[in-house]
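Colleague: Coordinates for the following, if possible.
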Amino acid sequence: KNQEAADAYRKALQIDPTRHEAHHNLAGCLQDVGQHDASELHYREAIKINPNFAQSYAALGSILYSQGRLGEAERVYRHSIQLDPLDQQQHLDLGQVLHSSAKYAEEQAVYKSALVIHRNLALAYSYLATSILSDYQRLIGYRSYGKVPEDQDFLDRAHALYNTSLEIDPKCGLCHGQLGDMMKDSHRINLAVHHYSLSSSLLPHVPTIFCNLVYTKMFACDWSDYENSFERILKMVAGEVALSPPPQYHCVQPLQGNLYRPLQAPLMRKLTETYVKRLILSNFGTEQPQTIPLPLALSLPAE
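Modeller: Numbers count the residues shown, from 1 in each chain. Predicted structure coming up:
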């Protein structure tokens, strides 16, 4: 069906190449099948024809973000919001771009502006809480928080925001997942397992949340469904290493989860190629070659 739709939009553009909506819709079809370069070209053509169509800017921003082009994505999203300041998703997306760039103060300002317009935007409260904690962790040198009294004020502020998000939408899977992160990082393991469990049931397709649930359960010495959980994680890893080229923003949790049990040599080598020997985005949004140190116990086995 996607191919049929793409063919129809191409035919429409052969008849009238100035139809911005055909460029926009064709770009969406191409984006859905991972043809990001071609998709970007058609979004830009749609913008050139109709520079007041906010949705094309927002869609272009999502492609730029997925490729790690954070500065471009930020500019595109800001322009999109100028055109349509009532679109709540664009505020959230801009905030996530700023978060990936470690521009936490600007990120928080975006969420606060969104909440002036949309008082019941649950994710804005949750993202705001996460940004506050990320900024505080940077301030304290990225140590784990919850160990000294000074941490408690930031934890309380964030917890109140997470609670507000869940009062608004008790079925917000990301809200539960982000609250689970805070509980795990502040060593409240049983509460972390509780919120990760809710999040995983609401968002079963998100590998990050499921993997966090699995190894947080191990901290609580909860071995229920252990074998099935790791079989699922192995399938997630296989799915990620099969992608070519690997995504700029990969899910590292399946790799971390598998550190708890041995892997066959071919898969360990493939994991190393995918996660270690490639460019990943640093905390500050610049591409740098990085390596992930592996424990001695995980030295590559001979095939």
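Colleague: For the stretch 101-250 of the chain, which residues score under the pLDDT cut-off?
Modeller: 237-238, 240-250 (pLDDT under 70).
Colleague: So V116 versus L155, what's the distance?
Modeller: 26 Å (CB to CB, to the nearest Å). Quick note: C-beta positions are derived from backbone N, CA and C, even for glycine.
Colleague: between the two, who's got more neighbours?
Modeller: L155 (20 against 7; other CB atoms under 10 Å).
Colleague: tell me which residues in the helix or strand where the more buried one lies are buried?
Modeller: Element membership for L155 (DSSP states H and E) is helix 151-168. Buried residues in helix 151-168, counted by 16 or more other CB atoms under 10 Å: 151, 154-155, 158-159, 161-162, 164-166, 168.
Colleague: Could you do stretch 135-142 as well?
Modeller: Burial within stretch 135-142, assessed by neighbour count using 16+ other CB under 10 Å, is assigned to 135-137.
Colleague: Select from those residues every entry located in helices.
Modeller: Among the buried residues of stretch 135-142, DSSP state H puts 135-137 in helices.
Colleague: Hmm, E45 is touching H23, no?
Modeller: Yes. Look at E45 against H23 with CB atoms under 8 Å: they come within range, at 4.6 Å.
Colleague: neighbour count winner among the two?
Modeller: H23 (26 against 20).
Colleague: what's near enough to touch that one?
Modeller: Neighbouring residues of H23 by CB atoms under 8 Å, 6 or more residues apart in numbering: 9, 13, 42-43, 45-46, 49, 56.
Colleague: Pull the most distant pair out of the residues you listed.
Modeller: L13 and S56 (14.7 Å; CB to CB).
Colleague: between those two, which one's more packed in?
Modeller: Per other CB under 10 Å, whichever of L13 and S56 has more neighbours is S56, with 28 against 16.
Colleague: does that one belong to a helix or a strand, and which?
Modeller: helix 54-66.
Colleague: mean confidence for that helix?
Modeller: Throughout helix 54-66, pLDDT has a mean value of 95.
Colleague: For stretch 181-197, measure first residue to last.
Modeller: 12 Å (CA to CA, to the nearest Å).
Colleague: Please apply the same query to stretch 199-213.
Modeller: End-to-end distance for stretch 199-213, by CA to CA: 9 Å.
Colleague: ok, back up a step: of the buried residues of helix 151-168, closest to Y145?
Modeller: The closest of these, once distances to Y145 are taken by CB to CB, is D151, at 4.4 Å.
Colleague: Now L115: closest residue in space, sequence neighbours ignored.
Modeller: Leaving out its chain neighbours, the residue that sits closest to L115 by CB to CB, 6 or more residues apart in numbering is A124, at 5.2 Å.
Colleague: Now do that neighbour: how many residues are near it, please.
Modeller: 26.
Colleague: Just the residues contacting the helix or strand it falls within, thanks.
Modeller: Here A124, judged by DSSP H and E, is contained in helix 122-139. Here helix 122-139 makes contact (CB under 8 Å, 6+ apart) with 88, 91-92, 95-96, 99, 102, 104-105, 107-108, 111-112, 114-115, 118, 143, 145, 151, 154-155, 157-159, 161-162, 164-166, 168-169, 172, 174-175, 178-179, 181-182, 185.
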